[in-house]
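> Got a sequence here, can you build the structure:
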Amino acid sequence: MLANNESWGVVFNSFTELERVYIDHIKKEIGHDRVWAIRPLLPPEDDDLLGPTNRGGSSAVPGHDVARRKG
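Residues are numbered from 1 along each chain as shown. So this is what the prediction gives:
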């Protein structure tokens, strides 16, 4: 947790509409706006030992685009 405080930004596996109060609190506590809720991400299907991950339909952004660093 201490390393999170020293990181450049914070990413949450959630979505803002659900946890806006908590995300706003974290922004205030760490002193910057580099906090992102990127919606629930699921593991790739070939790594999924619990069953298919095709729940919820298609996403607006492919998972590999979220994981890729934009410069």
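> Could I get the contacting residues of the residue nearest to V10 when sequence neighbours are not counted?
Nearest residue to V10, sequence neighbours excluded (C-beta to C-beta, 6 or more residues apart in numbering): V35, at 4.7 Å. C-betas here are computed from N, CA, C, even on glycine. For V35, the contact set (C-beta atoms under 8 Å, 6 or more residues apart in numbering) comprises 9-10, 12, 23, 26-27.
> do that again at 7 Å, thanks
Neighbouring residues of V35 by C-beta atoms under 7 Å, 6 or more residues apart in numbering: 9-10, 23, 26-27.
> Quick one: which of the residues you listed is the most crowded by neighbours?
Within the contacts of V35, I23 tops the neighbour count with 18 neighbours, counted by other C-beta atoms under 10 Å.
> Report all helices and strands that the helix or strand harbouring that one contacts.
Assigned by DSSP states H and E, I23 belongs to helix 16-30. For helix 16-30, the contact count by 3 or more C-beta pairs under 7 Å, 6 or more residues apart in numbering; DSSP states H and E identifies strand 35-37 as packing neighbours.
> try 8 Å
strand 10-12, strand 35-37 (3 or more C-beta pairs under 8 Å, 6 or more residues apart in numbering; DSSP states H and E).
> Of these, give the one that comes closest to L18.
Nearest of the helices and strands packed on helix 16-30 to L18, taken as C-beta to C-beta: strand 35-37 at 7.9 Å.
> Quick one: mean pLDDT for that closest one?
Strand 35-37 shows a mean pLDDT of 89.
> And stretch 3-11, by the same measure?
What stretch 3-11 shows for mean pLDDT is 79.
> end to end, how far does that stretch reach?
Start-to-end span of stretch 3-11 (C-alpha to C-alpha, to the nearest Å) is 13 Å.
> May I see the buried residues of that stretch?
V10 (16 or more other C-beta atoms under 10 Å).
> residues making contact with it?
Stretch 3-11 has contacts (C-beta under 8 Å, 6+ apart) with 26, 30, 32, 34-38.
> swap the cut-off to 6 Å and go again
With C-beta atoms under 6 Å, 6 or more residues apart in numbering as the test, stretch 3-11 has contacts from 34-36, 38.
> re earlier: got TSV for the contacts of V35, with distance to E17 too?
Compiled in TSV, these are given as follows (distance: C-beta to C-beta, whole Å):
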residue	distance to E17
G9	20
V10	18
I23	10
I26	16
K27	16
